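[1] let me see the structure of the following:
(2 chains)
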Amino acid sequence: MITLQGIGKSFKVARRAAGLRQAAKSLFVREHTVVEALRDITFQVGEGEIVGYIGPNGAGKSTSIKVMSGILVPDAGTCSIMGFTPWKERTAYVRNIGVVFGQRSQLWWDVPVLDSFQLLRDIYKIPAAEYAGQLALLTETLELGSLLQTPVRQLSLGQRMRCEIAASLLHSPRVLFLDEPTIGLDAVSKQAVRQFIRTINREKGVTVILTTHDMSDIEALASRILLIGKGTLLYDGTLSQLRGRFGSHRTVTAHYSENARPPEIPGAQTISWSPERAVFSVDTGQLPIADVLARLSGQVELLDVEIEAKPVEELIIELYKEHRI
Amino acid sequence: MRLYFRYLSILFKSQLQYRTSFWLLTVGQFFVPFSVFAGLYFMFDRFGQLREWSFFETALCYAIIHMAFALSECFVRGFDAFSGLISRGDFDRLLVRPRSTALQVLGSQFEFTRFGRLLQGIVVLAWALYKLPIEWDAAKAATLVLMILGGVLIFAGIYVLFATLCFWTVQGLEIANIFTDGGREMAQYPLNIYQKWVTLFFTFIIPFACVNYLPLLYLLGRADGDPVRYMLQPLAGILFLLPCLLVWRIGVRHYRSTGS
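    Residues are numbered from 1 along each chain as shown, chains lettered A, B, ... in the order given. Model (predicted):
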């Protein structure tokens, strides 16, 4: 479905030193630094997959999305999506993709949502019957009924995002690029957006590539993660593989009746301690949880124990740390 | 074409959302070029005529170029205001839609308040035509329409050209106004009153003379030689616009390879 092979892209950025003199000088002579935004990016995505594309700010996520959606022409490498080279057959290709930029609207600000949809129908030349069907489906699943007659500027962010997503799906694309679709949304709207992405993926087989900083998006949606940092692809694998890699750690919190001495468990790391409560970090690969519990109950009178796996958020931080990005 | 009208209607609706400001701007646009016209009037009042040109002949010249300018500012506003589209990053959005970028930029903005200015041009045109002893026939009427349309195309070409520069500079260039506003101010007088090089510049580089001065000679019955040659002059507008659109395509290609 999507194949990227050795994609590279660098930008020339004008370098400007501080100070008035330097600013004046830069009017005439510009010094350029070459920034490598993408370096040898290679991956494949199969039909019907949902892939989470993550990485810190400035890692190259947006640049890759721009390359894949045909906006940017890369310096090196090949890219084939549904048999198209995105930047070569732009108009033919973009008919088959939907793109949502979370921070930018594609709707016309001052007119009712439905007017925007009709304009998009003409832009994409969607046949009337197909348009009616798709609109009915989107209206139902995204609960847009009451929003369609409202001018966009009067919508809340969550309502607007639902309309944005609907707008990018009117022409039934086979691939959907979502650039931070849940940014700034409240919990309920996030839930609705995620639910919907799952639905169109399952029922229509739409391939979804999404970038996000919200790890719960990844947890809820993506079975596969691509991690990018400083322009290179650092990790490509499933969420459960990632868990397996860093996830043998558990945080054990023990509550017990007052005890003057901290409980000691060889092999475990004490994170915090008080007379009623102690928190340990345990590598279950080295030290089985059962042993920890046995040691604990030998030393204190246990009242309650919580055992937590690391949240995805922290796994990603580990991953960032490992690659020093 | 259908899409263009779709864009028109949606943006017209948008502008009507702010009714008061819409009417105020429209009325304002009606009066803006008024002082220019008043200047023209008083000058002729004082001096009687300019070279061999009478007041009403010059007024006709004025009306045609101002109508063309008003129409271009209304319908080609997307290119005129293109720097905003670039700096907001909305140009990326146009690139992921399966239509030509030129059409989409054209449809990105219209300025309907320019109808005020257009109306002023029409009033002056009507007055001048009423007073001038022109023997009208179909060919002359067609030439008049062609002159206005050709003018629109030339202004459009200038907008496109300077919109293209935004791909390199991001900020809109005030220098464009030298050619649009400046060209308009120059071309509202018959161009033979100027120095030779000015006339040549506005004939062969930016061909305002072809949509204004030269066919005007024909309308006023001053042309010698084949009238068809004068009638078809306004088509130079197309000749001017086409290379501008070509340059536009180069600009888009540059944008897509640099992303800035």
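[2] which residues of the stretch 101-250 of chain B lie near chain A?
    Within the stretch 101-250 of chain B, the positions adjacent to chain A are B:Gln104 by Cβ under 8 Å from any Cβ of the partner chain. (Each C-beta comes from the backbone N, C-alpha and C, glycine too.)
[3] show me where the stretch 101-250 of chain B has helices.
    Taking DSSP state H, counting those that start in this stretch as the criterion, the stretch 101-250 of chain B carries its helices at B:101-106, B:115-131, B:138-169, B:176-187, B:196-200, B:208-211, B:213-219, B:227-231, B:236-258.
[4] relative to A:Leu176, how far out is the one residue in chain A that gets nearest to chain B?
    The minimum distance from chain A to chain B, using Cβ to the nearest Cβ, falls at A:Asp110 (3.9 Å). In this structure, A:Asp110 and A:Leu176 are separated by 27 Å, where distance is defined by Cβ to Cβ, to the nearest Å.
[5] what about the two, which has more around it?
    Neighbours were counted for A:Asp110 and for A:Leu176 using other Cβ atoms under 10 Å in any protein chain shown; A:Leu176 has more, 23 against 18.
[6] so the more buried one belongs to a strand, correct?
    Yes: A:Leu176 forms part of a strand when assessed by DSSP: H, G, I helix; E, B strand; the rest coil.
[7] tell me who's in contact with it.
    Neighbouring residues of A:Leu176 by Cβ atoms under 8 Å, 6 or more residues apart in numbering or on different chains: A:Ile97, A:Gly98, A:Val99, A:Val100, A:Ser168, A:Leu169, A:Ile197, A:Ile200, A:Val206, A:Thr207, A:Val208, A:Ile209.
[8] what does stretch B:237-244 contact?
    Contacting residues not belonging to stretch B:237-244 are listed as B:149-154, B:156-158, B:160-161, B:164, B:206-207, B:210-211 [Cβ under 8 Å, 6+ apart].
[9] among the residues you listed, who's most crowded?
    Neighbour count (other Cβ under 10 Å) singles out B:Ile154 as the most crowded of these, with 33 neighbours.
[10] what pLDDT does it get?
    For B:Ile154, the model assigns a pLDDT of 93.
[11] got a list of what it touches?
    Applying Cβ under 8 Å, 6+ apart as the definition, the contact partners of B:Ile154 turn out to be B:Ala68, B:Gly183, B:Ile206, B:Pro207, B:Phe208, B:Val211, B:Ala236, B:Gly237, B:Phe240, B:Leu241.
[12] A:Leu226 versus that one, what's the distance?
    Between B:Ile154 and A:Leu226 the distance, using Cβ to Cβ, works out to 50 Å.
[13] also B:Glu73?
    Distance, B:Glu73 to A:Leu226, using Cβ to Cβ: 47 Å.
[14] got it, and A:Pro262?
    Between A:Pro262 and A:Leu226 the distance, using Cβ to Cβ, works out to 43 Å.
[15] so between those two, which is more surrounded?
    For A:Pro262 versus A:Leu226, neighbours defined as other Cβ under 10 Å are more numerous around A:Leu226 (22 against 14).
[16] how about the strands in chain A?
    Along chain A, the stretches classed as strands by DSSP state E are A:2-15, A:31-45, A:50-54, A:76-81, A:97-101, A:175-179, A:207-211, A:224-229, A:232-238, A:249-256, A:269-273, A:277-283, A:302-309.
[17] give me the sheet partners of the third one and which way each runs.
    In this case it means strand A:50-54. Using DSSP bridges, the strands paired with strand A:50-54 in its sheet are strand A:207-211 (parallel), strand A:224-229 (parallel).
[18] residues near the residue of the stretch 1-150 of chain B found nearest chain A, how many?
    When distances are taken as Cβ to the nearest Cβ, the stretch 1-150 of chain B approaches chain A most closely through B:Ser14, which lies 3.9 Å from it. Other residues within reach of B:Ser14, judged by other Cβ under 10 Å, total 18.
[19] now it. Nearest residue, chain neighbours left out?
    Excluding its sequence neighbours, the residue lying closest to B:Ser14 (Cβ to Cβ, 6 or more residues apart in numbering or on different chains) is A:Asp110, at 3.9 Å.
[20] quick check: which ranges of chain B have low pLDDT?
    Counting by pLDDT under 70, the ranges of chain B that qualify are B:170-174, B:259-260.
[21] give me the most central residue, it.
    The structure's chain B has its C-alpha centroid closest to B:Phe69; by Cα atoms, centre = their mean the separation is 3.2 Å.
[22] so it: helix, strand or coil?
    When the structure is reduced to helix, strand and coil (three-state DSSP), B:Phe69 reads as helix.
[23] and A:Ile197, how many residues sit next to it?
    Applying other Cβ under 10 Å, we find 23 other residues in the vicinity of A:Ile197.
[24] my error: substitute A:Ile41 in the last question.
    Neighbourhood size, A:Ile41 [other Cβ under 10 Å]: 25.
[25] which residues sit in contact with it?
    Contacts here follow Cβ under 8 Å, 6+ apart; on that basis A:Ile41 touches A:Leu4, A:Gly6, A:Ile7, A:Gly8, A:Gly60, A:Ser64, A:Gly77, A:Ile228, A:Gly231, A:Thr232, A:Leu233.
[26] so which of these wins on neighbours?
    Greatest neighbour count in these, by other Cβ under 10 Å, goes to A:Ser64: 29 neighbours.
[27] who's in contact with residue 36?
    Reading this off chain A. Contacts of A:Glu36 by Cβ under 8 Å, 6+ apart are A:Gly8, A:Lys9, A:Ser10, A:Gly231.
[28] switch to chain B, that's the one I care about
    B:Val36 sits next to B:Glu185, B:Gln188 when contact means Cβ under 8 Å, 6+ apart.
[29] ok, back up a step: would a markdown table of the contacts of A:Leu176 with pLDDT be doable?
    Written out in a markdown table, the entries for the contacts of A:Leu176 read as follows (pLDDT from 0 to 100):
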| residue | pLDDT |
| --- | --- |
| A:Ile97 | 94 |
| A:Gly98 | 93 |
| A:Val99 | 92 |
| A:Val100 | 91 |
| A:Ser168 | 91 |
| A:Leu169 | 91 |
| A:Ile197 | 90 |
| A:Ile200 | 90 |
| A:Val206 | 93 |
| A:Thr207 | 94 |
| A:Val208 | 94 |
| A:Ile209 | 94 |
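[30] now, of those, which are buried?
    Among the contacts of A:Leu176, those classed as buried by neighbour count (16 or more other Cβ atoms under 10 Å in any protein chain shown) are A:Ile97, A:Gly98, A:Val99, A:Val100, A:Ser168, A:Leu169, A:Ile197, A:Ile200, A:Val206, A:Thr207, A:Val208, A:Ile209.
[31] need those residues in JSON lines with distance to A:Val279, can you?
    Rendered in JSON lines, the data for the buried ones among the contacts of A:Leu176 read as follows (distance: Cβ to Cβ, whole Å):
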{"residue": "A:Ile97", "distance to A:Val279": "47"}
{"residue": "A:Gly98", "distance to A:Val279": "45"}
{"residue": "A:Val99", "distance to A:Val279": "45"}
{"residue": "A:Val100", "distance to A:Val279": "41"}
{"residue": "A:Ser168", "distance to A:Val279": "45"}
{"residue": "A:Leu169", "distance to A:Val279": "46"}
{"residue": "A:Ile197", "distance to A:Val279": "36"}
{"residue": "A:Ile200", "distance to A:Val279": "42"}
{"residue": "A:Val206", "distance to A:Val279": "43"}
{"residue": "A:Thr207", "distance to A:Val279": "42"}
{"residue": "A:Val208", "distance to A:Val279": "38"}
{"residue": "A:Ile209", "distance to A:Val279": "38"}
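[32] quick one: residues contacting the residue of chain A closest to chain B.
    Residues counted as contacts of A:Asp110 (Cβ under 8 Å, 6+ apart) are A:Pro151, A:Val152, A:Arg153, B:Lys13, B:Ser14, B:Gln15, B:Gln17, B:Tyr18.
[33] thanks again, I'm all set now.
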